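**Q** build me a structure from this.
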Amino acid sequence: MPKIKVLIQGFAKEKNGQEFASSTTTLIQENGLNIIVDPGMDRKLLLTSLKKQGLAVSDINYVILTHNHPDHYLLAGIFEKAKVMDADDIYSWDGKITGHKGKIPGTEIKIIKTPGHSMFHCSLLVQTKEFGKVAIVGDVFWWADEEKQKIDQQSLLKHKDPYVKNEKQLLESRKKILKLADYIIPGHGKMFKIGE
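**A** So this is what the prediction gives:
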């Protein structure tokens, strides 16, 4: 069964008039594969977090991008041996693009479309021994650092997203995730249990 480790808890904050953000970065290990979800944009923090797991960038087989915002994808290029995946395709460093069938190859990890925050947004659904079904959702759910992370169902569905592209689609994506998962790893904020 897959193992999941949050390497970096995503943040979004202002300090001295400057904006700082980097997504939650998650490591999944299954069938000898090392998978990074949303490498973010804090290079030093990412490299340090990988080293603590005994990994180097060359050990990563797949990088999954939940959507096309730089605070989630900026560091994808440092994983030169990895294939990069999004909601629809697998990208190789030789320019080859192939479709996928909603799973990371060699695993049972599902990639599901969750548009709204971004039109080409996806989430991962991972069945684990420790947590049950874990959804890694990018910015389907996310909080700025100064916000209280309210995780009751009503608050989750009504939480305002200042960067939303389609509110109706985002609401449907949120409902979908809440039905499928036991735990959620948000794009920025702490992992939480549904119904906690």
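**Q** in the protein, which spans are strands?
**A** Using DSSP state E, the strands of the chain run over 3-8, 11-15, 18-22, 25-30, 33-37, 62-64, 83-85, 89-91, 97-99, 110-113, 122-128, 132-136, 183-185, 192-193.
**Q** which residues touch the second one?
**A** Contact partners of strand 11-15, identified using Cβ atoms under 8 Å, 6 or more residues apart in numbering, comprise 19-22, 71, 142-146, 188. C-beta coordinates here come from the backbone N, C-alpha and C atoms, glycine included.
**Q** the residues you listed, buried ones only, as a ChimeraX selection?
**A** Buried residues among the contacts of strand 11-15 (16 or more other Cβ atoms under 10 Å), as a ChimeraX selection:
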select :21,22,71,142,143,188
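**Q** distance to Gln154 for the contacts of strand 11-15 - can I get that in a markdown table?
**A** A markdown table is the format used below for these (distance: Cβ to Cβ, whole Å):
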| residue | distance to Gln154 |
| --- | --- |
| Glu19 | 29 |
| Phe20 | 30 |
| Ala21 | 26 |
| Ser22 | 29 |
| Asp71 | 27 |
| Trp142 | 17 |
| Trp143 | 16 |
| Ala144 | 20 |
| Asp145 | 23 |
| Glu146 | 21 |
| His188 | 20 |
